[in-house]
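J.: predicted model and sequence below, questions to follow.
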Amino acid sequence: MIKLNYILLATLLVCLVSATVTSQDTIILDKIIAKVGGEVIFHSDVEEQMAMMRERKGNPGKTEQCVILESLMAKAMLVHYAKIDSVEVTDDEVESEIDARMNQILAYMNNDRKMFQEVYGQTVSEMREQVKEDMSRKLLGDKMQSEIMKSVEVTPSEVIEFFNRIPKDSLPYFNAEVELAEIVMYPKINDEERQKALDKINMIKEQLKGGADFADLARKYSDDGSAREGGDLGWTTRGSFVPEFEATAFQLEVLQTSEVIETEFGYHIIQLLERRGNSIHTRHILVRPRITDADLQKTKDLLDSVRNLVVWDSIAFPDAVHKYGDKRAQSYTNNGRMINPKNNNTFFETADVDSEIFFSIDTLDQWEISPPIEYRTPLGDYSYKIVQLQGRTPPHQASLKQDYSRIQDAARESKRNQVFSEWIDKHIPNTYIMLDPQYRECPNIDKWQAQWMINK
């Protein structure tokens, strides 16, 4: 768990901090090893990324260290010229980005903030403050880079030319892949269980009115990972919660407690602890209605009926997605097409497909649909889905006919890298560069060293 979350924190926050370096790493006094314009790069910046690389790949050496330094210098140049060109990043943009990344990390911990503090030695709030400046610089650099490459596109002839430049014996080999679409349904709670949950949350509300401590009641009754922390949800900005929760939370006065509200997760009581600009610090108590076996079976039967409608050509699959599918599913807005989070496209290597889905589609022909599959979300919620096999590609070497969209993406990325490299080369002669002598043997930063020698 510690290693997994160390990597997640380093990757998701981008801003690596000393608290995440493992105990076996030698403590070295920090020093400036490079300057790019008004931006500085510290020894610890390189070492922290080396530590992350060791967690992932083993034992990086001098070559990897040189590559990391070059990447840091390029990012520093982006930030330097972003400031010169008056590129701006708002506090809300920084807070929103930190919120998104911190929430993703907490999701892996089931929103357990105590676990977060035990692993990293800092509270979520402390970590947020620590990474704020680095996140601001990162977003500045990202905006500058987007501006440099915003018009980069490739024509069909450039895609073909790019493909033809790849030596035949170097063409990538793709494993077996599938393209999938889904219709997702969540069980509807029956009236009896809904009333039980409502009675329970109203009982808790009465205890609060009688002077009971909110945090104590959250620890005792809340059906949420935040219960251990007394229901504390930390600092968040708009867009972090479902609409019903957010609308109520942002209308509260400091230390005011809401009435009972209902969201897709269940019944909540919310308390606003602090407000800071567009950010709020809240805690809540959640009571979730119990899903019965009968609720699950009813959902499964309904989804099986929808499957039959599609199979009998009574309704097209995309239309069935929008008529019967749950809008919370990521695929809902994509006509049911599933997106692979590893590559952000619709192709899944068979090893990337969840086992429940793989065994249901393994024997299907193209356009056939699986029976209803019981599925648990990362948060533990029950759902059912039917999956349509929309494409199956056997293992093969890359070709324009089968893999044009991928080759187009690769050609575009190659062109973007070329444009960025040319921008770096253009600006190095007009930028103050300083390099620590210990990096003078790095062959990949010759162009930076040449300017450093001029500056000397």
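T.: Received it, and whenever you're ready, just let me know what you need. Numbering: from 1, shown residues only.
J.: okay, CA-based contacts and neighbour counts for the rest of this
T.: OK.
J.: name the residues of stretch 161-180 that are buried.
T.: The neighbour-count check on stretch 161-180 (16 or more other Cα atoms under 10 Å) flags 162-163, 177-180 as buried.
J.: which residues are in contact with that stretch?
T.: 337-338, 346-350, 387-398, 400, 407, 411 (Cα atoms under 8 Å, 6 or more residues apart in numbering).
J.: if any of those residues are buried, give me the ChimeraX selection for them.
T.: Burial among those is assessed by 16+ other Cα under 10 Å; the matching ChimeraX selection reads:
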select :337,338,346,347,348,349,350,387,388,389,390,392,398,407,411
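J.: show only the entries of the contacts of stretch 161-180 found in helices.
T.: 400, 407, 411 (DSSP state H).
J.: wait, which of those is closest to Arg328?
T.: Closest approach to Arg328 among the ones in helices among the contacts of stretch 161-180 (Cα to Cα): Ile407, at 31.9 Å.
J.: how close does the closest one sit to Val159?
T.: Noted for Ile407: a distance of 7 Å to Val159, by Cα to Cα, to the nearest Å.
J.: quick check, pLDDT for Asp45.
T.: pLDDT recorded at Asp45 is 89.
J.: just the strands in the protein please.
T.: Per DSSP state E, the chain carries strands over the ranges 32-36, 39-42, 173-174, 177-185, 232-237, 261-263, 266-276, 279-287, 348-349, 373-376, 382-393, 396-397, 433-435.
J.: what would those strands look like in a markdown table with mean pLDDT and distance to Thr123?
T.: Listed next are the strands of the chain as a markdown table, based on pLDDT from 0 to 100; distance: least, Cα to Cα, whole Å:
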| stretch | mean pLDDT | distance to Thr123 |
| --- | --- | --- |
| strand 32-36 | 92 | 29 |
| strand 39-42 | 93 | 25 |
| strand 173-174 | 89 | 43 |
| strand 177-185 | 95 | 36 |
| strand 232-237 | 84 | 10 |
| strand 261-263 | 95 | 28 |
| strand 266-276 | 94 | 17 |
| strand 279-287 | 93 | 14 |
| strand 348-349 | 91 | 37 |
| strand 373-376 | 88 | 29 |
| strand 382-393 | 93 | 31 |
| strand 396-397 | 92 | 49 |
| strand 433-435 | 90 | 36 |
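J.: with distance to Asp199 as extra columns, can I get those in JSON lines?
T.: Listed next are those as JSON lines, based on distance: least, Cα to Cα, whole Å:
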{"stretch": "strand 32-36", "distance to Asp199": "62"}
{"stretch": "strand 39-42", "distance to Asp199": "58"}
{"stretch": "strand 173-174", "distance to Asp199": "56"}
{"stretch": "strand 177-185", "distance to Asp199": "26"}
{"stretch": "strand 232-237", "distance to Asp199": "23"}
{"stretch": "strand 261-263", "distance to Asp199": "13"}
{"stretch": "strand 266-276", "distance to Asp199": "10"}
{"stretch": "strand 279-287", "distance to Asp199": "10"}
{"stretch": "strand 348-349", "distance to Asp199": "45"}
{"stretch": "strand 373-376", "distance to Asp199": "27"}
{"stretch": "strand 382-393", "distance to Asp199": "23"}
{"stretch": "strand 396-397", "distance to Asp199": "59"}
{"stretch": "strand 433-435", "distance to Asp199": "67"}
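J.: ok, which of those strands comes nearest Pro318?
T.: strand 177-185 (8.9 Å).
J.: isn't Asp365 right up against Gln388?
T.: No. Applying Cα atoms under 8 Å, one finds Asp365 not in contact with Gln388, separated by 9.4 Å.
J.: can you pull the residues that touch both of those two?
T.: By Cα under 8 Å, 6+ apart, no residue touches both Asp365 and Gln388.
J.: so what pLDDT did the closest residue to Thr63 other than its chain neighbours get?
T.: Spatial nearest neighbour of Thr63, chain neighbours left out: Cys442 (7.5 Å); criterion: Cα to Cα, 6 or more residues apart in numbering. pLDDT, Cys442: 84.
J.: what about Cys442, how many neighbours?
T.: Other residues lying near Cys442 total 17 when counted by other Cα atoms under 10 Å.
J.: again with Gln251
T.: Other residues within reach of Gln251, judged by other Cα under 10 Å, total 11.
J.: let me see the domain layout of this structure.
T.: Following automatic domain parsing, the chain resolves into domains at 2-152+416-455, 176-186+292-394, 191-287.
J.: show me where pLDDT drops low in the stretch 201-350 of the chain?
T.: Judged by pLDDT under 70, the stretch 201-350 of the chain has no weakly predicted residues.
J.: just the helices in it please.
T.: 214-221, 243-249, 293-311, 317-324 (DSSP state H, counting those that start in this stretch).
J.: got the angle between the last one and strand 177-185?
T.: Think helix 317-324. Orientation check (axes from the mean of the first three to the mean of the last three Cα atoms, to 10 degrees): helix 317-324 against strand 177-185 gives 30 degrees.
J.: follow-up on the earlier one: can you put the helices of the stretch 201-350 of the chain in a markdown table and add distance to Glu259 and mean neighbour count?
T.: Output for those, formatted as a markdown table (distance: least, Cα to Cα, whole Å; neighbours: other Cα atoms under 10 Å):
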| stretch | distance to Glu259 | mean neighbour count |
| --- | --- | --- |
| helix 214-221 | 13 | 19 |
| helix 243-249 | 9 | 16 |
| helix 293-311 | 28 | 17 |
| helix 317-324 | 32 | 18 |
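J.: figure out which of those helices is closest to Val131.
T.: Per Cα to Cα, nearest to Val131 of those: helix 243-249, 25.1 Å.
J.: give me the residues contacting that closest one.
T.: Residues from elsewhere that reach helix 243-249 (Cα under 8 Å, 6+ apart): 238-240, 258, 261-263, 270-272, 282.
J.: kindly report the same for stretch 91-98.
T.: Counting by Cα under 8 Å, 6+ apart, 13, 128, 132, 135-136, 139, 236-237, 278 sit against stretch 91-98.
J.: which ones are touching the residue nearest to Val387 when sequence neighbours are not counted?
T.: Distances taken as Cα to Cα, 6+ apart place Glu182 nearest to Val387, at 4.4 Å, with adjacent residues excluded. Contacts were defined as Cα under 8 Å, 6+ apart; by that measure Glu182 touches 321, 331, 336-338, 385-388.
J.: pLDDT score for Gly58?
T.: Here, the pLDDT recorded for Gly58 equals 69.
J.: scratch that, Met109
T.: 74.
J.: burial of it, as a residue count?
T.: Neighbours around Met109, by other Cα under 10 Å: 17.
J.: check Val131 too.
T.: 17.
J.: next: the one 4 residues further on.
T.: The local packing count at Met135 equals 20, with neighbours defined by other Cα under 10 Å.
J.: so how far is Val94 from it?
T.: Met135 sits 6 Å away from Val94, going by Cα to Cα.
J.: buried set for stretch 406-417?
T.: Residues of stretch 406-417 classed as buried by neighbour count (16+ other Cα under 10 Å): 407-408, 411-412, 415-416.
J.: chain center to it: distance?
T.: 23 Å (Cα atoms, centre = their mean, to the nearest Å).
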